[in-house]
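S.K.: give the three-dimensional model of this entry:
(one chain, ligands or ions: 2)
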Amino acid sequence: MDANWMKLEFPSESVNVQFARTTVAIFASQLDFTLEEIEEIKVAVSEAVSNSVIHGYSASHGNVIMKVKYTPTQFTVSVEDFGRGISDIVQAQESGYTTIPEERMGIGLYFIQEYMDEVSLHSEVGKGTKIVMVKTVKPIQG
Ligand SMILES: Nc1ncnc2c1ncn2[C@@H]1O[C@H](COP(=O)(O)OP(=O)(O)OP(=O)(O)O)[C@@H](O)[C@H]1O
Ligand SMILES: [Mg+2]
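M.R.: Residues are numbered from 1 along each chain as shown. Ligands and ions are numbered 1, 2, ... in the order given. So this is what the prediction gives:
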């Protein structure tokens, strides 16, 4: 298949972090990713969905939308919430920066940058956050 997509919407329950992580891996397995690449996509997605659950909605509840699509050259996943939003997205992406230092390490967004080829973070305080992550599909070695 040349191109495909899917969209998943679920409530911000922590059990859905694992659900999103597994679902994206099954979808990505339609492509010729290595097991290591699939693992990287799984980590990136679980970090992004965790962030929506833990930070976006924190004590409140809301929905998370995960969209996944691919072309012959790019696998793209976006994770969107309609929660609190981020006031400084540059600072948020610094390794070790967290607004919950007593509980978190502040490395989720850093790992997403490491594991995916292109990452863009969009956020508006009080409206929500969307992260778009792209992994390049490498041609099969002859
Ligand atoms: N979806 C989001 N909504 C609101 N704030 C967010 C969101 N994602 C990230 N942030 C903010 O960016 C900071 C850094 O995120 P990052 O994932 O790197 O670290 P963390 O979640 O705090 O810790 P860790 O990922 O190591 O558990 C968070 O502490 C939080 O303040
Ligand atoms: Mg995080």
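S.K.: mind listing the helices for the protein?
M.R.: When secondary structure is read from DSSP state H, the chain shows helices at 15-28, 35-51, 89-92, 108-115.
S.K.: can you put the ones you listed in JSON lines and add mean pLDDT?
M.R.: Supplementary listing: these in JSON lines, determined by pLDDT from 0 to 100:
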{"stretch": "helix 15-28", "mean pLDDT": "98"}
{"stretch": "helix 35-51", "mean pLDDT": "98"}
{"stretch": "helix 89-92", "mean pLDDT": "96"}
{"stretch": "helix 108-115", "mean pLDDT": "97"}
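S.K.: among those helices, which is the most enclosed?
M.R.: The highest mean neighbour count among the helices of the chain belongs to helix 35-51 (a mean of 20), with neighbours defined as mean count of other C-beta atoms under 10 Å. C-betas here are computed from N, CA, C, even on glycine.
S.K.: one step back: can I get the helices of the chain in CSV including distance to ligand 2?
M.R.: Listed next are the helices of the chain as CSV, based on distance: least, C-beta to the ion, whole Å:
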stretch, distance to ligand 2
helix 15-28, 11
helix 35-51, 4
helix 89-92, 9
helix 108-115, 3
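S.K.: for the ones you listed, give me TSV that also has distance to ligand 1.
M.R.: What follows is the helices of the chain, written out as TSV (distance: least, C-beta to the nearest ligand atom, whole Å):
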stretch	distance to ligand 1
helix 15-28	11
helix 35-51	3
helix 89-92	3
helix 108-115	2
